[in-house]
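Trainee: would you be able to build a 3D model of this:
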Amino acid sequence: MVDVQNSADYRDVPLAKVGVKGLEYPIQVLDRVKKVQHTAARVDLYADLPRHFKGTHMSRFIEIFHRYREDLSMPRFLDMLTAIRIDLDAESAFGSMIFPYFIEKNAPVSGLPGMMSYECQYQGWVKNGGDKHFTVAVSVPVTTVCPCSKAISSRGAHNQRGMVRAEVELGPFFWIEDIIAAVEKAASSPVYSLLKREDEKFITEQGYDNPKFVEDLVRDVYIDIKAMNLFPRFSVEAENFESIHNHSAFAFTRYDKE
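Mentor: Sure thing, here's the model as predicted:
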């Protein structure tokens, strides 16, 4: 059959990224407790397209991703992108994969288990010649209690849920659970999926005794991730969904070893 996308193009316009966006697929990733975790991802896969080709071969992105889906540990994600680049005879390939990562988490007093979901993202690119780049981002829900509200109020203090996103550039091997633990440690209190009354009492009082501005939260996460001494670059951002304002509070910082 005629291969239209492989025909010549004379407009002299190279394309930086061509591929598939929003692919939803079951995958497997490493799990520190259970060894392997089955989850589902939303995937974007791209390669560059030289000026002389009319189109890329979209089906090959899916073919290659399907081969790698049962082992998408962090280094394997880059192997998958390299396979895409070579198969499409491209100079570079790019990929992003967003997926929920589940951890069984016990309530702090009753000890009852529940499943917590954390949004994770792999992003990477590979280039002809061996250049590569890979980051992992984890979004962690937390609770914060306002230090100012506590200081000026005679009854209680306002609190809110927030979301902390830590993005690290891959150095040595690490577990997603360690990033989650660093974020939850820095919050006024963690968030749980299952709480009994005794648990709710505990985390309410824990948060009140440990008030944090969004600035405090970002700085404390930064300090703990830097102390791991694993990542050449990372960033931390936090958004507090304010309970007494019609806007969010936000803070961001980044680290670059160089």
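
Trainee: who touches stretch 23-37?
Mentor: With CB atoms under 8 Å, 6 or more residues apart in numbering as the test, stretch 23-37 has contacts from 38-45, 61-62, 65-66, 69-73, 97, 99, 101-104, 175-177. All C-beta spots, glycine's among them, are computed from the backbone N, C-alpha and C.

Trainee: any weak-confidence spans in the stretch 51-200 of the chain?
Mentor: 51-55 (pLDDT under 70).

Trainee: circling back to that earlier point, buried ones among the contacts of stretch 23-37?
Mentor: 39, 41, 43-45, 61, 65, 71-72, 97, 99, 101, 103, 176 (16 or more other CB atoms under 10 Å).

Trainee: out of those, list just those in strands.
Mentor: Thr39, Ala41, Val43, Asp44, Leu45, Met97, Phe99, Tyr101, Ile103 (DSSP state E).

Trainee: looking at the buried ones among the contacts of stretch 23-37, which is nearest Ser188?
Mentor: Nearest to Ser188 among the buried ones among the contacts of stretch 23-37, counting by CB to CB, is Ile103 at 19.9 Å.

Trainee: could you pull out the strands for the stretch 1-150 of the chain?
Mentor: Taking DSSP state E, counting those that start in this stretch, the strands of the stretch 1-150 of the chain run over residues 15-31, 35-49, 92-106, 113-127, 132-145.

Trainee: could you export the shortest one as PDB, CA atoms only?
Mentor: What it means is strand 132-145. In PDB, the C-alpha atoms belonging to strand 132-145 read as follows (Å, rounded to 0.1, in the frame of the first residue of the first chain):
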ATOM      1  CA  LYS A 132      19.200  12.500  27.800                       C
ATOM      2  CA  HIS A 133      17.100  14.100  30.500                       C
ATOM      3  CA  PHE A 134      14.600  12.600  33.000                       C
ATOM      4  CA  THR A 135      12.500  14.000  35.800                       C
ATOM      5  CA  VAL A 136      10.000  12.500  38.200                       C
ATOM      6  CA  ALA A 137       7.300  14.700  39.800                       C
ATOM      7  CA  VAL A 138       5.100  13.700  42.700                       C
ATOM      8  CA  SER A 139       2.000  15.700  43.900                       C
ATOM      9  CA  VAL A 140       1.200  15.200  47.600                       C
ATOM     10  CA  PRO A 141      -2.000  16.500  49.300                       C
ATOM     11  CA  VAL A 142      -1.400  18.000  52.800                       C
ATOM     12  CA  THR A 143      -3.100  20.000  55.500                       C
ATOM     13  CA  THR A 144      -1.700  23.300  56.800                       C
ATOM     14  CA  VAL A 145      -2.800  25.500  59.700                       C
END
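
Trainee: tell me, how many residues neighbour Glu198?
Mentor: By other CB atoms under 10 Å, the residues close to Glu198 number 11.

Trainee: correct me, but it touches Ser110?
Mentor: Yes. With contacts defined as CB atoms under 8 Å, Glu198 counts as touching Ser110 at a distance of 5.9 Å.

Trainee: what ranges does the stretch 51-200 of the chain have for its helices?
Mentor: Here the stretch 51-200 of the chain has its helices, by DSSP state H, counting those that start in this stretch, at 58-68, 74-87, 147-152, 176-186, 197-208.

Trainee: out of those helices, nearest to Asn159?
Mentor: It's helix 197-208; of the helices of the stretch 51-200 of the chain, that one is closest to Asn159 (CB to CB) at 5.8 Å.
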